[in-house]
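Participant: Fold the following.
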Amino acid sequence: MKRTTRLLAGAFAALAMTVGLTATTTNTAAAVGTDASPRDYQPYDPATVSSVPIAYPGMFIDFTGDMSPRSPTDTALKYYGKYCTLGVVGTDSAGRKIGITAGHCNEAQLVPDPANPGQLKKPGQDANLEPCTSQAACVNPDYPKYPGVKPGTSVTNNDHPVYDFNAVKYAQKNNKPQVNPIGWVRWVDANGLLKNGEQNLETTTDYMVIEFAPEVQLSSQVRDKDGNAARQSGGGLFKVNSIYSGAGGAPALPPIAIGLNTSTWIENYGARSDRTPDIFSVGVNRGAVGAVNNGIIRSYAANKNGDSGGPVVMNGTGKWVGITFGAVPGLVSPYSSTSAKNILDNLNSRNDVGSGFVITNN
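Facilitator: Numbers count the residues shown, from 1 in each chain. Got it, this is the predicted structure:
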């Protein structure tokens with residue numbers, strides 16, 4: 001009873017310090033797709049927004065490109081893979097078009113299950129916990145359709161595509177040809193996932209680098225589930241078009257919030273929250289920063305599964321300060337973001353795809 005009381009008190013405290021609180025009961029803001037996942041929303045026609053593919057902060061991204069329903073004769077859940085939110089877009093020192101999202105959005109590299117010949121499982125995980133429940137589903141080559149990349153290793157091939165979730169859903173719903181990927185995974189930080197495939201809550205550099213296809217146009221404007229320009233809590237356009245920096249111009253960490261001075265708060269956008277609202281959640285969530293530890297921002301700006309990697313900015317501005325990481329339920333600042341400073345310090349030190357990142361401002 002005492003523990004329940006403390007948790008409820010924490011929830012009320014969080015409500016007092018946020019606008020658009022999103023409820024969550026898990027430690028991760030990534031989401032795995034099965035038949036029960038939120039893939040039933042009405043997609044919009046991408047052509048109404050742009051005649052060419054675009055990539056923008058807040059885009060709902062998918063790593064399988066497959067939303068077709070399972071066969072009526074298949075009694076097992078269909079594995080659709082993970083889905084997340086894109087955090088920021090820009091170019092690197094070589095002129096490549098780059099996107100950044102959460103590293104734990106990477107699919108686990110599945111391994112054979114010795115207890116069930118012919119079946120696959122996540123490393124160290126009981127096959128019974130997998131979203132497939134029959135041997136036929138487990139051995140299907142679409143499970144997962146594109147296994148994850150090896151973390152900490154540069155990827156030069158196009159074997160790990162990234163898709164526009166909305167475009168895939170629209171094509172499937174309207175019997176149109178399968179869409180092309182918007183890009184490919186080039187790097188996943190080695191610390192985002194534990195060896196058993198679960199999220200590492202202790203990492204300070206949970207990010208993924210995506211290289212977009214040449215035809216993809218970059219935009220700094222966040223768009224909502226209907227394809228409209230998203231707006232911040234204060235009513236202005238939600239753009240991510242600069243990097244939050246210190247006096248010397250280097251990426252900086254946000255300050256601890258000063259009471260109800262909302263100029264010291266942060267604000268995020270979550271594509272999953274926008275598509276599956278409840279009594280607490282909205283697409284845009286803002287809240288006070290309660291702590292910054294080793295570049296991890298703890299705040300009351302809420303998130304939920306599927307918001308991982310989404311853009312986090314200083315409240316009321318377009319200044320990118322981080323990406324959504326997850327949540328650790330507790331009394332103080334339960335929602336976490338990986339800071340842009342941590343990401344860029346690590347990325348720029350590697351002299352690889354994405355290094356020399358310059359944020360898009362248009």
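Participant: Tell me the predicted confidence for the residue lying closest to Asn268 once chain neighbours are set aside.
Facilitator: Of all residues not flanking Asn268 in the chain, Val312 sits nearest, at 4.5 Å (Cβ to Cβ, 6 or more residues apart in numbering). All C-beta atoms are positioned from the backbone trio N, CA, C, and that covers glycine. The predicted structure scores Val312 at 98 on the pLDDT scale.
Participant: How many residues are close by Gly95?
Facilitator: Look at Gly95: counted by other Cβ atoms under 10 Å, it has 9 neighbours.
Participant: Give me the phi and psi for it.
Facilitator: Main-chain torsions, Gly95, degrees, to the nearest 10: phi 90, psi 0.
Participant: quick one: low-confidence ranges for this protein?
Facilitator: By pLDDT under 70, the low-scoring segments of the chain are 1-39, 70-79, 108-112, 118-144, 195-197, 279-281, 330-331.
Participant: All the helices of it, residue numbers only.
Facilitator: Taking DSSP state H as the test, the helices found in the chain are 2-16, 135-139, 165-173, 271-275, 340-348.
Participant: What residues sit buried inside the last one?
Facilitator: Pointing back at helix 340-348 there. Buried positions in helix 340-348, judged by neighbour count with 16 or more other Cβ atoms under 10 Å: 340-344, 346-348.
Participant: For the residue nearest to Asn268, list each beta-bridge partner.
Facilitator: Beta bridges link Val312 to Asn268, Gly322, judged by DSSP bridges.
Participant: next one: Val292
Facilitator: Bridge pairing for Val292 - DSSP bridges - gives Ile297.
Participant: these two touch, right, it and Leu253?
Facilitator: Yes - with contact defined as Cβ atoms under 8 Å, Val292 reaches Leu253; the gap is 5.1 Å.
Participant: shared neighbours of the two, anything?
Facilitator: Shared contacts of Val292 and Leu253 (Cβ atoms under 8 Å, 6 or more residues apart in numbering): Ser339.
Participant: Ser336: what's its closest spatial neighbour, skipping adjacent residues?
Facilitator: Phe325 (4.2 Å).
Participant: and the gap between that neighbour and Pro334?
Facilitator: Distance, Phe325 to Pro334, by Cβ to Cβ, to the nearest Å: 12 Å.
Participant: Give me the residues contacting stretch 87-94.
Facilitator: Residues contacting stretch 87-94 (Cβ under 8 Å, 6+ apart): 55-57, 97-102, 212, 218-220, 240, 309-312, 320, 323-324, 340, 353-360.
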